[in-house]
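Participant: return atomic coordinates for the entry below.
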Amino acid sequence: MNNSKLSKPDTELKSEYDVVVIGSGYGGSIAASRMARAGRSVCLLEKGEEIRPGDYPAKEIEAASNIHVDAPGIELGKENNLYQFLVNDDISVFQGCGLGGTSLVNANVSLPPEPWVMQDEAWPEEIRNNPESVYRGIERAKHVLQPVAYPAGQNGYEELPKTKAQMRSAEVTGGTFKYTPINVQFKDGLNAVGYEQKKCTNCGDCVTGCNVGAKNTTLMNYLPDAVNFGAEIFTGMEVAHLSRTENDKWQIHYRVLDSGSDKFGDESQFITADFVFLGAGSLGSTAILLNSRAKGLTTSDHLGERFTGNGDVLAFAYNADQEISGVGLGHIPEGKYRSPGPCITSVIDRRKESPKEEGMVIEEGVIPGPLSAAMPKAFKIFSRLLGKDTDSGDSLAEKWREVISLFRGAYRGALNNTQTYLVMSHDDGKGKIHLEDGRPRISWPDAGKQGIFKKVNSTLEKAAKAIGGTFIKNPAWTKATDFDLVTVHPLGGAPMGHSAAEGVVNHKGQVFKGTSGTDAYTNLIVCDGAIIPRPLGVNPLLTISGLAERICEEIAADNQWTIDYGYKPFVQEPQTTRPGLQFTESMTGFIQQINGTEISYQDAFEEGRQQDNECTFVLTISTDDVQSFLEDEKHEARMQGTVDCRLFSGEALTVNNGYFNLFRKDERSVNTLNMDYRMQMQSVEGDTYYFEGFKKIKNDPGFDVWSDTTTLFIDIYRGGNNQGKKIARGVLHIKVADFIKQMQTIKIPNADSKKEEVKWTVRFSDFFTDNLTEAYGGVLNSINLFNPDAPDRDRRPLNAPLPEVYPFKAKDGIDLRLTRYKGGNKGPVMLVHGLGVSSLIFSIDTIKKNLVEYLCEHNYDVWLIDNRVSIEMPDAGTRFSGDDIADNDYEPAIEFIRQETNSDSVHVLAHCFGSTTFTMALLKGLQHVKSLIISQIGPHIKAHPGNLFKSKLYLPELLDVVGFENLTAYTDVHDSWKAKVFNSLLKFYPYDREDRTINPVSNRITFLYGQLYELDQLNQPTFDALHELFGVANIEAFTHLAEMIREEKVVSESGQDMYLPNLQQGMAMPVTFIHGEENTCYRPLSTKTTYEKLKQLNPGVPYTYHLIPKYGHIDCIFGKNAHEDVYPYILQHLENHA
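Facilitator: All right, here's what the predicted structure looks like:
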């Protein structure tokens, strides 16, 4: 059997449909199916939940938890629980609430009304004079519902004791005994809409919910058929009222139940439709219309009138002289006790009586299995208080059977010999539905004192006597209760009529516009039991279905739609239901309109507060797979809810297409997590807005975990996305009281058990706290090691020509490499990297535009050198000094470039240790350099105190003595235990708080060189790729560098001052100095000193100096915004000195 859910998550609800159907009983389901088959976009909203076969209550405690009682001043249970009891002074109602409506909890008896009923003056003449149109609809419904009589004695189905007892009763009550058609499958297979069902097991629990899937509820036929033709179904949606738009469409105002939003107020949401079909039942549809009228909709004055309980009567023949087996099995294993059979299988039909209004049908029933445990004691009490023993001659046997039931349960003794009677007849239909606090109530004085009920009970007493039972009338129908009634077949409230002076809807179900005349809302249709203007005297489902089919046919014809009645097997992808996650959040703050000028979030908040532009949202965030939500790096969920913002609408805005990301890595910022909010908002005035917000989780100075997680920075745009005009900005916050409420709304939908629910709640809590600990925990965090065995990251192609690679040899024979990107004929330009890295720093793909791409874009011929300290060269770990690089690497590189490009000279950009060694080469006489750009360090070295401290400790020298041949920033999961201990110890290195990370490569870089970058200037992909950019550096180069730091200038490895004396001649060329203002490796004074001295020595040579605000060291090369903040200075130099 197909047991996949038909309904969709509420977050997938669209803002507009052709047709919105409210309710999923017979009328609503038929409307959804037929309108979908007519090619309309259909949305069905159901107040109850979708309960699949196998999930209905089978035990007493399960049934009790699924009850909702709504009585004056009293409400028990969830408002959309399966079993609904509306308690009133005159008549109470039992009905079902779930996807499938009352079809889930009725006995599914399909009997048509008597012809005279349909010809009654209560009906409009279009029905009265043409009842065949209704019967044609009935036949169409029967084709789908497939009613059949119980197959007694066939295919393994035995004759039932309760049916035999019914035959005996028929002999004394008069009327015709017959097996009644019931919408139940007695064979496995596909039904009329191609939906698979199982055959009936005779468990008897039809009215508590069929756990077999054999009962032909609308959940088994019309609803899957609607889905098969494209309808979308949403459950847990309570429609409050309807309002009409200026273009004659309908806004359907609804609440999402059980979302937790009610803890923060109860603003309704809305969707829009061209047509609305009300199928929420007699009480539901009438209440929606009454609430709509209270909101301004004009209707007939008869709205709420002609309510009828269909003459329903419930009674019992208790402790009869013969076996009945009339108790459902509930959770009892099949075969342990005799199966009762379907709830109703036969009828004593007395509808031919005269006068006709005194006709009735008497059906036998089954006491629901989940109630079995309480029944022996309850019936003993009822029999004493209300019972009438119809055969006093066997009192001893009756008492013994009663004792057996009390001690051995409902499936033996007196309860096993109890027949249940369900009667439909004709009451006067003068009940009236009205509203109290927006909810339906029924007033019907003296309803139970009508003569028909005395006659029915008198007849039932005869039926009980025929089988020797104690007659127990309905416990509610007593003098003490003023003969109150109970019905399971509420009808009326929006009755049909020829005009508004006679009814609420016309023969097509269209709602009349006013108090008189026939003018109607042609696109507002009622299609359920509310339209029936009188009692039917029989189970109403077939009549309701026939009328609904007729109405759909009429509406389609009026609009030139063609309903496809052809067979189409149901097809739905198999679903795997997993535990989900749901919680509701409310935030409040202030926003300010933007009129073409940028304003900070905080300033917008302050201005908005001064003008009282409050903005509040209540959003339910949900995912149907909590495991995927926690494991996927986007951590994305959906959102729905409301935004109350009087700046844009007098009513709450409805959220559509909402998306939420929890702790998403901010690709633009390192060690930063974002919570993102993106959603469309619809106003009742018809305007669409787009909401975009973020919370930034970052370990800034101060204790900010609370403010970070409860502060949302928002922008609002006109239109459905962020490409529209930005019209407002502001800040929202979570109040402490609302945060406490939010914690109470966390739930795990679809959890199989309480244990699983707790498990995933804990997992979610751990995920939340782990991410906060990672963001704010400092040395308490675990490190995040690179795994080289993991799949390689996605790499983008460079926006540059394909590289040309040229190996060449240094003067001392070491293998080196040049890589050319021929972006144009300008230049050539050679880029020189620093220590412990490679030329990749200029071409890394993790930023929007790297230096190679930038220069190629401006038509430069770009050459990258990988000298002997490059981590991509095989000799990178070999011992050599800065002198070796200056003496051997650059001259052959420049000569190679000159030959390949036919250029006399080369522009050079050199960074860090590359800049130091390149200027050393210049100061020893290197020729053919046209101009130079120095990044961060040159011939003068003024180190940051941390690096100076390490050099004065002679740390590189000490490491050399103890046997370190080289040092590396690279580390991964396969490192030795010593390396991993070193990584852990580095967590305690005295970083600035905002620079502390759990990236061990970053920590090693800082230990070796100092803080090379401002984390705010790196994006997350670059930060995650540091292991690609940094690696080994030989100890001798570190020793030489430390010597220069101590001397504060370039010197030879042995400490000889052999370079600076040649400063004037060696650097008599255009030079641009670029230095990060926040550089904590080498102070800006380093390059500033060289710049000032050169200006003194060579006053006629163009020297330029740029101090880059908010940048550190190497982030000037591969910072996320370097192409905007730094590269233009490089380009300016090259263009000026071409």
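Participant: how does the chain divide into domains?
Facilitator: 16-147+216-309+490-558, 315-424+447-481, 581-776, 804-941+1059-1136 (automatic domain parsing).
Participant: any stretches of this protein with poor pLDDT?
Facilitator: For the chain, the stretches with pLDDT under 70 are 1-2, 393, 574, 666, 669-671, 699-706, 769-791, 945-1010.
Participant: buried deepest among the domains of the chain, which one?
Facilitator: Among these, ranked by average contacts under mean count of other CB atoms under 10 Å, first place goes to domain 16-147+216-309+490-558 (a mean of 23). Where C-beta positions appear, they are placed from N, C-alpha and C, glycine not excepted.
Participant: ok, residue 356 to residue 116 distance?
Facilitator: Per CB to CB, to the nearest Å, residue 356 is found 6 Å from residue 116.
Participant: meant to ask about residue 1056, not that
Facilitator: For residue 1056, the distance to residue 116 - CB to CB - is 123 Å.
Participant: mind listing the strands for the stretch 201-350 of the chain?
Facilitator: 232-235, 237-244, 250-256, 269-278, 313-318, 346-349 (DSSP state E, counting those that start in this stretch).
Participant: quick one: residues in contact with the last one.
Facilitator: If I follow you right, that is strand 346-349. 109, 111, 150, 163, 166-167, 169-170, 173, 175-180, 361-364, 463 (CB atoms under 8 Å, 6 or more residues apart in numbering).
Participant: mind running it again at 10 Å?
Facilitator: Residues from elsewhere that reach strand 346-349 (CB atoms under 10 Å, 6 or more residues apart in numbering): 109, 111, 114, 149-150, 152, 160, 162-167, 169-171, 173-182, 359-364, 421-424, 459, 463, 538-539.
Participant: list the helices and strands the helix or strand just after that strand packs on?
Facilitator: Per DSSP states H and E, strand 346-349 leads on to strand 361-365 as the next helix or strand towards the C-terminus. The contact analysis (3 or more CB pairs under 10 Å, 6 or more residues apart in numbering; DSSP states H and E) places strand 361-365 against helix 161-173, strand 313-318, strand 346-349, strand 419-424, helix 451-466.
Participant: between the helix or strand that strand 361-365 is followed by and strand 313-318, how big is the angle?
Facilitator: Counting by DSSP H and E, the element after strand 361-365 in chain order, helix or strand, is helix 375-385. If you take axes from the mean of the first three to the mean of the last three CA atoms, to 10 degrees, helix 375-385 sits at 100 degrees to strand 313-318.
Participant: run through the neighbouring helices and strands of the helix or strand just after helix 375-385.
Facilitator: Sequence-wise, the next helix or strand downstream of helix 375-385 (DSSP H and E) is strand 388-389. Packing partners of strand 388-389 (3+ CB pairs under 10 Å, 6+ apart): helix 451-466, strand 470-473.
Participant: of all the ones you listed, which one is nearest residue 1022?
Facilitator: strand 470-473 (81.0 Å; CB to CB).
Participant: what sits up against the closest one?
Facilitator: Under CB under 10 Å, 6+ apart, the answer for strand 470-473 is 313-320, 379, 382-392, 398, 402, 414, 418, 421, 453, 456-458, 460-465.
Participant: so after that strand, what's the next helix or strand?
Facilitator: strand 485-487.
Participant: tell me which element the closest residue to residue 508 other than its chain neighbours falls in.
Facilitator: Leaving aside its chain neighbours, residue 508 sits nearest to residue 554 (4.5 Å; criterion: CB to CB, 6 or more residues apart in numbering). Residue 554 is located in helix 541-558, with elements delineated by DSSP H and E.
Participant: which secondary structure elements does that helix contact?
Facilitator: Using 3+ CB pairs under 10 Å, 6+ apart: helix 541-558 touches helix 26-37, helix 115-118, helix 125-128, helix 131-145, strand 269-278, strand 510-512, strand 520-526.
Participant: between those, which gets nearest to residue 590?
Facilitator: Of those, nearest to residue 590 by CB to CB is strand 269-278, at 23.0 Å.
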